[in-house]
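Novice: could you work out the structure for the sequence below:
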Amino acid sequence: MARTWRLMGADRRLYESALPGTLGGNRRLRIYGRLDCPSALRWIAKGHYVKNRVFFADGATAVAAGYRPCAICLPAEWRRYKASAGR
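Specialist: Numbers count the residues shown, from 1 in each chain. The predicted structure is shown next:
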């Protein structure tokens, strides 16, 4: 049996994927970032965050689901988000 990963779609529903997610997010905070984000890894190490962790196939899906980029690991995306948030 092939392994599957549970990802969140643009409609905020979880689905099984044959490919792993490229980005992780926090369902409660509605933030997404790289899987190696130092800030997220610190929270995970403290035992926080894991129960609210979700995964996305890409940034466009995360944004469509209502998540914002992480300022730590995705600074360029975060700046674009901040610039457009006031519109």
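Novice: thought residue 29 was touching residue 48?
Specialist: No. The criterion here is CB atoms under 8 Å, and residue 29 misses it with residue 48 at 10.6 Å. Where C-beta positions appear, they are placed from N, C-alpha and C, glycine not excepted.
Novice: so for whichever strand or helix holds residue 40, what gets flagged as buried?
Specialist: Following DSSP states H and E, the helix or strand that holds residue 40 is helix 38-45. Under the neighbour-count criterion of 16 or more other CB atoms under 10 Å, helix 38-45 has 40, 43 buried.
Novice: likewise for stretch 27-39?
Specialist: Under the neighbour-count criterion of 16+ other CB under 10 Å, stretch 27-39 has 31, 32, 33, 34, 37 buried.
Novice: I'd assumed residue 73 was in contact with the first one.
Specialist: When you say that, I think you mean residue 31. No. Using CB under 8 Å as the test, residue 31 is too far from residue 73 to be in contact (10.3 Å).
Novice: just the CA trace of the helix-or-strand element of the chain with minimal mean pLDDT, in PDB.
Specialist: Ranked by mean pLDDT, DSSP states H and E, the weakest helix or strand in the chain is helix 38-45, scoring a mean of 89. Coordinates of each C-alpha in helix 38-45 appear next as PDB, following Å, rounded to 0.1, in the frame of the first residue of the first chain:
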ATOM      1  CA  PRO A  38      13.400  27.900  13.100                       C
ATOM      2  CA  SER A  39      10.400  29.600  14.800                       C
ATOM      3  CA  ALA A  40       8.000  26.600  14.200                       C
ATOM      4  CA  LEU A  41      10.700  24.100  15.200                       C
ATOM      5  CA  ARG A  42      11.200  25.900  18.600                       C
ATOM      6  CA  TRP A  43       7.400  25.700  19.300                       C
ATOM      7  CA  ILE A  44       7.300  22.100  18.200                       C
ATOM      8  CA  ALA A  45      10.300  21.300  20.500                       C
END
